[in-house]
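Undergrad: Quick one, fold the following:
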Amino acid sequence: MVDTHSSLLKLWKDRCTVYTKKEVVSQINKRTTFTDEVFLSNVPCKLSFESLSTTNQADNAATIVQKAKLFLSPDVAIPPGSKISVNRNGLVIDYEQSGEPGIFNNHQEIPLDIFKGWA
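TA: Numbers count the residues shown, from 1 in each chain. Below is the predicted model:
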């Protein structure tokens, strides 16, 4: 019997790192700041594009829209609001999760948007 999950992992050549915001309080002035904290690192994945850089006309200004989807193992849990950096052939692109993941038997699909900054 073929192990579908292991077969998929062999096809996924991309790697992703998931970041969350960590609250840091300065001991000197008690000021709270936020830093990126690695939540998961070097996770096998597959980045797929539904549309490549289309232009959306809104309020007389053109905006670039790119719809992407990330394929991951179903046992990987990514917290909502995370930043996801995908490494494909040495090029790193930052994304944010734009919707709930679709969970299937052998994989999950996470809709992504280009990362614009922490909320």
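
Undergrad: Specify the beta-bridge partners of the residue nearest to residue 116 when sequence neighbours are not counted.
TA: Once flanking residues are discounted, residue 116 sits nearest to residue 96: 7.3 Å by CB to CB, 6 or more residues apart in numbering. For every residue, glycine as well, the C-beta is placed using N, CA and C. Residues in a beta bridge with residue 96, per DSSP bridges, are residue 83, residue 113.

Undergrad: pretty sure residue 74 belongs to a helix, no?
TA: No. Assessed by DSSP: H, G, I helix; E, B strand; the rest coil, residue 74 does not belong to a helix; its assignment is coil.

Undergrad: ok, it - contacts?
TA: Shown in contact with residue 74 (CB atoms under 8 Å, 6 or more residues apart in numbering): 103, 104, 105, 106, 107, 108.

Undergrad: and with 7 Å instead?
TA: Residues near residue 74 by CB atoms under 7 Å, 6 or more residues apart in numbering: 103, 104, 106, 107, 108.

Undergrad: Would you point out the most distant pair within the residues you listed?
TA: Distance extremes for the contacts of residue 74: the farthest pair is 103 and 106 at 10.2 Å, using CB to CB.
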